[in-house]
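# any chance you could fold what I've pasted below:
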Amino acid sequence: MVRGLKLFVCFIALGQVCAQSDYKVTNNVPVFKQWVVDFSDNSKLDVVAINAGVVAPPPFSNTKEIKAKLDAQRKHSFSEKNKVTHRSDIDPKVLTGFNGKPLGAAGIPNDNTLAVSNAGIVVSAINTSVNILDAEGKGLKFRTLSGIVAGQLGILDRFYDPKVLYDPINDRFILVFLEGSESSDTRIVVGFTQTNDPTGLWNFYAINGNPIGGAKWSDYPIIAHNKEDLYITVNILRDNESWQEGFVQSVIWQVDKNSGYAGGTLIQNMFSDINFENKPVWSICPVQPALDMDQKGMFLLSVRPDASANDTVFLHEITNTAASGQATHTLKVLTTTEKYGVPPSALQPKLGFKLQTNDTRVLSASLHLGEIQYVQSTLVSSPLSSGIYHGTITNMATNPSVRGRIISTPSMDYAYPSLAFAGQTADENSMIMTFSHVSESQFPGTSAIFYTFKDGVNDYYSDVKPIKLGDSVINTFLADSIERWGDYTDIQAQYNDLGAVWLCGSYGDVSGKNNVWIAKVRSNNVLLSIEEMFVYPNPANEFMKITTIFKHNEFVKISILDNLGREVKSIDKQQVKPGNVEFLVDVSGITAGNYILTIASESGQKRLSQKVRIK
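Here you go, the predicted model:
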């Protein structure tokens, strides 16, 4: 069933404008083909083609002229100014790291993606293969994308853009990749493991990559999931046209996961013709719920990815499940506090050797505690370089607003970021971001940074932590060319080990190829220990908000003492539970001056104290 809808969303508020959401939803779209693959059967799944040296199609991007202008203006030296403040005491710690491609050829580009189960099984995919490893990097299975579809889809063109995720609710893996790059041969291939063992049976489905007809094909998938559904977004392009002219629209596929796990008829809906002001909104990124996946719908984000400078953020929402048949699409248009823009090409240590940074589309996003955090590559305007844009959307339920920050450090180019939840408790809204790095003095490699937002006002970023240093420039093609670098990295929380994440990225190896690195990294958030609390605002004249973490269930007393230790205000028997706790204290009746704020146990043992000022 096809429904064409036009929804009017009107909110008049700072940073948010009225939006008309034009879209069409097609329910119960049939799949092109369905089959089962046994990864354990080597005789039936040969290594058909590694595609060594075969280049994946570049992602559509209308940025050629912008990049050429920026590259021409760029100087080969950077200032020492950082865009955000870093502190080394919260640097993430690397627990383990290993090559994620023990078999197979490097991709061009790699398109790194990974998923890790609660049992520690790692599924690592690149263009054009899948490696299944244990938590120490020992190979368990190797498969090519071409081998997965061999004998199923007729004459095969190319296999690229893999994406993989782990579903902690059902203890299953999902693999998505593209086959073909022209209208006569374009498929979105989706695989679901039948059990928690990715070396066993998989249910595979081929979705039509040209669902709207004409000479068009699907490119650049991004995926996320919640309790019920898998979301796949792709860009629809026209055959044989340039990046500047070939984009048609972006499509959202909503797929019922349970039907895929069961191997039955795949329940799926398609949202198309998504427009704003009669123009298609393109390159849409679904927002991955960090821990709480029990939701019926999904938020998605997009920006103006080909803009030299822009502050527009599109907040999409799919409002119900695929199986309900009642899902709709809504759109809000927000304005961020910091502009983003297309970055220049990145510079390698060898003069004239550059790396592609693509456009400024949203590449990764996470939802936790009612807030969305997202990342994209962006222009660092002074001096010209490529950095990481980190956005936060708050007040999701009422009046969404966006705040942007740019991460850049001296002498470095950063690109292709992704992020995942890294809180040590479920009440902590902290993330680890990973991204590719390079400079005129450092070969291409992979880095990470920890972020937390505490006491209601301050951003805290760790130093940028190198995870894997490169061994050489990336020089896959001719000398002095601008090499393919991304087109993305990946990161996932270890769901049964809060604070730990698994990430994968690339590095330039000794042969000049783009190789794969996987690492397990743990957050080190010393800012939220039992010995610390945050008070905001300080000084205050009406209320103070106190934030801290407790390890046990107990009753505590909050006191405000003058300089002689006399109690001027107290709140008794405040019950706390393990995790993040906030108190709101009325100080409006207290005489202006300096005081000591304390939190003590019911027996009188002091837990925390801090100097405060009442004005």
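# let me see the contact set for the nearest residue to Tyr495 once chain neighbours are set aside.
What sits nearest to Tyr495 in space, not counting adjacent residues and going by C-beta to C-beta, 6 or more residues apart in numbering, is Pro168, at 4.1 Å. (Each C-beta comes from the backbone N, C-alpha and C, glycine too.) Taking C-beta atoms under 8 Å, 6 or more residues apart in numbering as the criterion, Pro168 is in contact with Asn118, Met293, Tyr495, Asn496.
# state the pLDDT value of Pro168.
Note for Pro168: predicted pLDDT of 98.
# just Val248 next, same as before
Note for Val248: predicted pLDDT of 94.
# list the neighbouring strands of whatever helix or strand it lives in plus their orientation.
Here Val248 sits within strand 247-256, counting by DSSP states H and E. Paired with strand 247-256 in the same sheet, following DSSP bridges, are strand 229-238 (antiparallel), strand 268-276 (antiparallel).
# which among the ones you listed is found nearest to Asp22?
Among those, the nearest to Asp22 by C-beta to C-beta is strand 268-276 (4.2 Å).
# so Ala365: helix, strand or coil?
Three-state assignment for Ala365 (DSSP: H, G, I helix; E, B strand; the rest coil): strand.
# neighbours around it, how many?
23 (other C-beta atoms under 10 Å).
# try the one 10 residues further on
A count of neighbours around Val375, defined by other C-beta under 10 Å, yields 26.
# ok, it touching Gly387?
No: under the criterion of C-beta atoms under 8 Å, Val375 makes no contact with Gly387, lying 10.6 Å away.
# if you rank the contacts of Pro168 by neighbours, which is first?
Ranking the contacts of Pro168 using other C-beta under 10 Å puts Tyr495 first, with 19 neighbours.
# quickly list the domain ranges of this protein.
2-526, 529-614 (automatic domain parsing).
# element containing the closest residue to Leu103 other than its chain neighbours?
Of all residues not flanking Leu103 in the chain, Phe142 sits nearest, at 4.2 Å (C-beta to C-beta, 6+ apart). Using DSSP H and E, Phe142 maps to strand 139-144.
# which elements pack onto whichever helix or strand comes after that strand?
Helices and strands here follow DSSP H and E; after strand 139-144, the next one along the chain is helix 145-149. If you count contacts as 3 or more C-beta pairs under 8 Å, 6 or more residues apart in numbering; DSSP states H and E, helix 145-149 packs onto strand 129-133, strand 159-167, strand 172-182, strand 185-193, strand 201-208.
# direction included, what does the longest one pair up with?
Each strand pairing with strand 172-182, determined using DSSP bridges, is listed with its direction: strand 159-167 (antiparallel), strand 185-193 (antiparallel).
# from the chain's centroid, how far away is that strand?
18 Å (C-alpha atoms, centre = their mean, to the nearest Å).
# so for that strand, mean pLDDT?
95.
# stretch 255-265 too?
pLDDT averaged over stretch 255-265 gives 97.
# now do it: distance from first to last residue.
11 Å (C-alpha to C-alpha, to the nearest Å).
# in that stretch, what counts as buried?
Val255, Asp256, Lys257, Ser259, Gly260, Tyr261, Gly263 (16 or more other C-beta atoms under 10 Å).
# quick check: closest non-adjacent residue to the fifth one.
The spatial neighbour of Gly260 that comes closest, neighbours along the chain excluded (C-beta to C-beta, 6+ apart), is Phe192 at 3.8 Å.
# for that neighbour, give me the pLDDT.
Listed pLDDT for Phe192 reads 98.
# what do you get for the one 5 residues further on?
Looking at Asp197, its pLDDT reads 98.
# look up how far Val116 lies from it.
The gap separating Asp197 from Val116 is 14 Å, by C-beta to C-beta, to the nearest Å.
# these two - which one has more neighbours?
Taking neighbours as other C-beta under 10 Å, Asp197 and Val116 compare with Val116 leading, 26 against 19.
# deepest of the domains of the chain, which one?
The highest average neighbour count among these, using mean count of other C-beta atoms under 10 Å, belongs to domain 2-526 at a mean of 20.
# need the strands for the stretch 301-450 of the chain, in chain order.
310-318, 329-340, 346-347, 354-355, 362-368, 371-380, 385-394, 401-407, 412-421, 430-439, 445-454 (DSSP state E, counting those that start in this stretch).
# check which helices and strands the second one sits against.
Under the contact criterion of 3+ C-beta pairs under 8 Å, 6+ apart, the helices and strands touching strand 329-340 comprise strand 2-9, strand 16-17, strand 19-26, strand 268-276, strand 310-318, strand 371-380, strand 385-394, strand 401-407.
# dump it to PDB, keeping only the CA atoms.
These are the backbone C-alpha positions of strand 329-340, laid out as PDB (Å, rounded to 0.1, in the frame of the first residue of the first chain):
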ATOM      1  CA  HIS A 329       7.400  10.500   9.000                       C
ATOM      2  CA  THR A 330       7.700  13.900  10.700                       C
ATOM      3  CA  LEU A 331      10.300  16.600  10.100                       C
ATOM      4  CA  LYS A 332      11.600  19.500  12.200                       C
ATOM      5  CA  VAL A 333      14.200  22.000  11.000                       C
ATOM      6  CA  LEU A 334      16.600  23.200  13.600                       C
ATOM      7  CA  THR A 335      19.400  25.700  13.800                       C
ATOM      8  CA  THR A 336      22.700  24.900  15.400                       C
ATOM      9  CA  THR A 337      24.900  27.300  17.300                       C
ATOM     10  CA  GLU A 338      28.100  26.500  15.300                       C
ATOM     11  CA  LYS A 339      28.200  26.300  11.600                       C
ATOM     12  CA  TYR A 340      29.600  23.200   9.800                       C
END
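# chain center to that strand, what's the gap?
The mean C-alpha position of strand 329-340 is separated from the chain mean by 17 Å, C-alpha atoms, centre = their mean.
# now do that strand and strand 247-256, the angle between them.
120 degrees (axes from the mean of the first three to the mean of the last three C-alpha atoms, to 10 degrees).
# okay, now the unreliable bits of the stretch 1-150 of the chain?
1-21, 43-56, 60-62, 76-82, 104 (pLDDT under 70).
# just the helices in it please.
Assigned by DSSP state H, counting those that start in this stretch, the stretch 1-150 of the chain shows helices spanning 64-73, 145-149.
# among the ones you listed, which is nearest Thr357?
The nearest among the helices of the stretch 1-150 of the chain, by C-beta to C-beta, is helix 64-73 at 8.0 Å.
# give me the contact list for that closest one.
With C-beta under 8 Å, 6+ apart as the criterion, helix 64-73 contacts Trp243, Gln244, Asp306, Ser308, Val342, Pro343, Pro344, Ser345, Lys354, Thr357, Leu379, Leu384.
# relative to Cys504, how far out is the most centrally placed residue in the chain?
Geometric centre of the chain, nearest residue: Ser364, 2.3 Å, by C-alpha atoms, centre = their mean. Distance of Ser364 to Cys504, given as C-beta to C-beta: 13 Å.
# now do the shared contacts for those two.
Listed contacts common to Ser364 and Cys504 are Ile491; contacts here mean C-beta under 8 Å, 6+ apart.
# centre of the chain versus stretch 518-538, how much separation?
Centre to centre, stretch against its chain (C-alpha atoms, centre = their mean), the figure for stretch 518-538 is 21 Å.
# what's the first-to-last distance across that stretch?
Using C-alpha to C-alpha, the end-to-end distance of stretch 518-538 comes to 43 Å.
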